[in-house]
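Chemist: Need coordinates for the following:
(chains A and B, ligands or ions: 1)
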Amino acid sequence: MRLLQVTTLGTLLLLSGCASMPKDAGFGAVKSFSDKTLNHNVQWHTSDASYQEAAAWLTERLKTPLDIDTAIRIGLVYSPSLQAIYAEVGIAQANVVQASLLKNPGFTLGYMSNTHYHQSNFNLAISIADLITQPTRRHIATQQLEQKQLQVELAIIDFIAQTKKVYYSALAAGELAQVASKSEQSALAAAILASEQYKSGSLSLRETAGHQINHLQALNASKQAASTARIEHEALIAGLGLPQNLSQINLEGPLPELPKKNCLYSDIEAWALEHRLDIRIAQNKLNLLCDQLGFTRNMRTLGSLDLGIQNQNASGTGTTTGPTLALELPLFDQGKARIARAEVQVLQAQMILLDTVAQALSQVRTAQIKAQTAYESAYYYQQMMQPLADTMLRETQTRQGSMLASPYELLESFNNTQNIAQSALQSLYSYWGAHTEFERTAGGILPLSLCTNPPPAIDDYPLLLNPQSPVPEESVKPVELHHHMHSMPDMKM
Amino acid sequence: MNYLPLLLIQLFTAFTCSLMGAVKDTPTPRVYTAKDLQSAGHTPITTLNGNSLEWTVDAEGTKTFHLTAEPVKREFAPGMMVDCWGYNGSTPGPTIEAVEGDRVRILVTNHLPEPTSVHWHGVFLPNGMDGVGGLNQKLIQAGETYVYEFPLIQSGTFMYHPHVDEMLQMALGMMGFFIIHPKNPEAHKVDRDYCFLIQSWSIDPGTFKPNPAVMTDFNTWTFNSKVYPAIDPMVARTGERVRFRFGNLSMTNHPIHIHGYAFTVTGTDGGWIPASAQWPETTIDVPVGATRTGELIAYAPGDWAFHCHKSHHTMGPMIHDLPVLTGVDQSEATKHIQALMPHADYMEMGTSGMHDMAAMQMPTPKNTLPMMTGKGPFGPIGMGGMFTLFQVRDNQAPHDYTPPAWYEAPKGTRAHLASP
Ligand SMILES: [Cu+2]
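Modeler: The predicted structure is shown next:
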């Protein structure tokens, strides 16, 4: 008995002795996906030195204004939250290695009270079961690694989208603060003029107080906007998980311009179906559960096998526990319930896959609608309303110069341009947010080959101003008193 | 059934041909003008920036005038073209001149997009000829021509204007003078006889269409639908007797003032004022819906201002809710505003008064005249609206209406800087 035991163990050791962690700890696939498919460089630091190097690089990099791609890169190579997520792949890879190894024979304290024979016999049974189930466990662990890699890739896609949104938000908040500051300056000019009028006796205390309230309101709004901008910057710092010595960042503004042409992606659903990782994750989980079902059926007489996959949701980043073996003597429970459970789990996973597909397609369609609407909105503000507000300002200034409008009206008109500029900025920011979300829901990349250009919104606008007024534009020449007398009747219309 | 249209065409053709034939056979009637009045010993009317209506005379001696009501474009002054309504291509319409005792027939053709009528303001006539649409006659529909015919049994200064949709049609410029000369050319004889209609308009800066709904807040003030500096000056030779006839169809009274002279008020639209009841006045207040006639002997040569004395009425377009900035230190506010304006330089206005406006000639909105304009021999005149000149010269030839060069004051008769 002892001999057999030793021989078996020796064979088993031979079989499994070569299993060890691969050099990239399973992260190579993730890196390749991010670097090549998403075109954003990732790095998982498995040594402190490497991580410190990254910290030093970003400290240097943050001395100059931060563009969006660098912000993403900093997140992908430095952010501790992402590093923690990358580690999941390492854990899953370790599980694969673990699944390739046989259990160490030994005694567990709980069984010391039993007879030696029983203990030895039990150990032997474990070893045999271990040996028999090893290929399956290895297969399952490998699948779980792949699943984990997909989950981390999905986390990277989400992180990129989130970073873009936070970056745009911080940038927009900064620009909005500048607009608010201009409005404040304008209200200040009006309040100064009003107080001078008051001093010279041509404006009542009531009206003067009104102008001062206006200014204080604008001042307050400007301070609020500045505060919002700082908070939005803080959100970016938090999102990137910057080290404690970096508490301030300068962003490279302004917000990217609205693309000249709108992009409408035809058949974006087919693209999303192919590229969305959550769908692949759900599909993989179904496969895993199918394998589990088959395995449970085969192993029913040996006891239960916990594959450690029940408690993961499709996109979850929780730690994979890896398959574990729990051997029982099938005296009372002959595994019927376990099989039934595994069957139901397969059914459940099928439904989850179907729902994931349905949700994904609806999300990408919704995101496309939102991106389209946001494009038009930004277009209306930038291409139509801003020029019109500008025209109003010019015309008002002409009127003010010919005393047909007061300085107050001029400042009001200026404020109007700032209000429109504020809305234009917000709509541009909304566009980039919607575009980012669209990209995310399409699977992290948008297929330029599927882009068609719908006509610009302005083409549908029925009220385009004819810049050529029916009255011929003539400058008013100073007319001398001596002109032709008794002019002819005027021309008929 | 099918023959009917053909028949109609044939009938129409026949009718047209016969009509053409008739026209060919009839000699073109002689067209009379104000010159014919002059030959008859009357002094023809000088309508500032306008003219008098020509007429024909039929076999019975009835004078036939033809007015066409129609949309017109009027240049109020260079740089401002206005979409108006008027008569015979003009606002105001041409002056109708006739003589007491005449029988007149006035054809009125409506080329407006809506009905109209003509009321002969102040003229004594049969009730059915008075022109109140709906009351005295049917409305003259677009495209129709109506005939008014009546004898002239008085002389004096009268007007004509629509009496259908009156508010809109008058606000757009539909009005004219109806002058009836005394039968005796020697009665009320003058050497020159000027007339103008006073009107106010609301034309938003940057637009070219008057707003008829405005009742008080007008911004454009015209004599015969012209503003200074485009209003014809009135000229005279020293010693001539000159008559001025004012008609007011605006929404407020206008005190018309002459410099260097006093008018003798000699008539209203109610008729001539007996010599014993005439009175002197430098400013004739012309009420709404009335005419006033003033006369003078042009004894004093010079360039005499002649204007409405409501000072807002001698200005170009202006707004009336401007803040008072005179005497206000704007410098600090100006610095702030200049820093904000993205286009043109900001210029503060009105700190020391409004004269800068006249001197600077800043760009104005499209189709909008400056508030103050005009240049005289000694600097900016800074007027607009109801302002013109009465130019009297020793050497102005009789019947010559050409404006003379600027008046040269004899040495020692012009204001000058107190210290040399
Ligand atoms: Cu007036």
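
Chemist: Quickly list the domain ranges of chain B.
Modeler: Split into domains by automatic domain parsing, chain B comes to B:29-312, B:318-363.

Chemist: which residues in the stretch 251-400 of chain B form strands?
Modeler: Taking DSSP state E, counting those that start in this stretch as the test, the strands found in the stretch 251-400 of chain B are B:254-258, B:263-268, B:271-272, B:279-281, B:283-286, B:290-297, B:302-308, B:373-376, B:379-383, B:387-393.

Chemist: Among the ones you listed, show me which one is buried the most.
Modeler: Of all the strands of the stretch 251-400 of chain B, strand B:387-393 has the most neighbours on average by mean count of other Cβ atoms under 10 Å in any protein chain shown, namely a mean of 24. (C-beta placed from N, C-alpha, C; glycine too.)

Chemist: partners of that one, with directions?
Modeler: strand B:234-237 (parallel), strand B:302-308 (antiparallel) (DSSP bridges).

Chemist: any idea how far B:Cys195 lies from B:Ala298?
Modeler: 17 Å (Cβ to Cβ, to the nearest Å).

Chemist: Equivalent analysis for B:Val118, please.
Modeler: 35 Å.

Chemist: In terms of neighbours, single out the busier of those two.
Modeler: More crowded of B:Val118 and B:Ala298, by other Cβ atoms under 10 Å in any protein chain shown: B:Val118, with 28 against 25.

Chemist: before we move on, back to that, distance to the ion added to the domains of chain B, as CSV?
Modeler: Below are the domains of chain B laid out as CSV (distance: least, Cβ to the ion, whole Å):
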stretch, distance to the ion
domain B:29-312, 3
domain B:318-363, 14
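
Chemist: Tell me which of those lies nearest to A:Glu88.
Modeler: Closest approach to A:Glu88 among these (Cβ to Cβ): domain B:318-363, 53.5 Å.

Chemist: mind listing the strands for the stretch 101-250 of chain B?
Modeler: B:103-110, B:119-121, B:145-151, B:156-161, B:176-181, B:192-201, B:220-223, B:234-237, B:241-248.

Chemist: Next: the stretch 1-150 of chain A.
Modeler: Going by DSSP E, counting those that start in this stretch, the stretch 1-150 of chain A shows no strands.

Chemist: what does the stretch 351-493 of chain A give?
Modeler: With DSSP E, counting those that start in this stretch as the criterion, the stretch 351-493 of chain A has strands spanning A:451-452.

Chemist: Do a quick rundown of the helices in it.
Modeler: A:386-401, A:407-441 (DSSP state H, counting those that start in this stretch).

Chemist: now do chain A
Modeler: All helices of chain A, identified by DSSP state H, fall at A:2-16, A:28-32, A:48-61, A:68-78, A:80-100, A:116-199, A:205-240, A:268-275, A:277-298, A:336-379, A:386-401, A:407-441.

Chemist: helices or strands up against whichever strand in chain B runs longest?
Modeler: Assignment by DSSP state E gives strand B:63-77 as the longest strand of chain B. Judged by 3 or more Cβ pairs under 8 Å, 6 or more residues apart in numbering or on different chains; DSSP states H and E, strand B:63-77 is in contact with strand B:56-57, strand B:80-87, strand B:103-110.

Chemist: can you give me phi and psi for the residue of the stretch 201-350 of chain A found nearest the ion?
Modeler: Per Cβ to the ion, A:Ser202 is where the stretch 201-350 of chain A lies closest to the ion, at 26.4 Å. Torsion angles at A:Ser202 (phi, psi; degrees, to the nearest 10) stand at phi -120, psi 10.

Chemist: Surely it and B:Val324 touch.
Modeler: Yes: counting by Cβ atoms under 8 Å, A:Ser202 does reach B:Val324; the two are 3.6 Å apart.

Chemist: ok, now how distant is B:His111 from A:Lys223?
Modeler: Taken as Cβ to Cβ, the span from B:His111 to A:Lys223 is 64 Å.

Chemist: er, A:Leu425 actually
Modeler: From A:Leu425 to A:Lys223 the distance is 18 Å (Cβ to Cβ).

Chemist: which ones are touching residue 287?
Modeler: Going with chain A. Applying Cβ atoms under 8 Å, 6 or more residues apart in numbering or on different chains to A:Asn287 gives the contacts A:Gln143.

Chemist: sorry, should have said chain B
Modeler: Here B:Pro287 is in contact with B:248, B:253 (Cβ under 8 Å, 6+ apart).

Chemist: Kindly report the same for A:Ile68.
Modeler: So A:Ile68 contacts A:163-164, A:167-168 (Cβ under 8 Å, 6+ apart).

Chemist: So which of those wins on neighbours?
Modeler: Going by other Cβ under 10 Å, A:Tyr167 tops the contacts of A:Ile68 with 30 neighbours.

Chemist: Surely that one touches A:Leu236?
Modeler: Yes: the pair formed by A:Tyr167 and A:Leu236 meets the contact definition of Cβ under 8 Å, at 5.9 Å.

Chemist: In JSON lines: the helices of chain A, plus mean pLDDT.
Modeler: Below are the helices of chain A laid out as JSON lines (pLDDT from 0 to 100):
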{"stretch": "helix A:2-16", "mean pLDDT": "40"}
{"stretch": "helix A:28-32", "mean pLDDT": "92"}
{"stretch": "helix A:48-61", "mean pLDDT": "92"}
{"stretch": "helix A:68-78", "mean pLDDT": "95"}
{"stretch": "helix A:80-100", "mean pLDDT": "89"}
{"stretch": "helix A:116-199", "mean pLDDT": "87"}
{"stretch": "helix A:205-240", "mean pLDDT": "96"}
{"stretch": "helix A:268-275", "mean pLDDT": "95"}
{"stretch": "helix A:277-298", "mean pLDDT": "90"}
{"stretch": "helix A:336-379", "mean pLDDT": "94"}
{"stretch": "helix A:386-401", "mean pLDDT": "92"}
{"stretch": "helix A:407-441", "mean pLDDT": "97"}
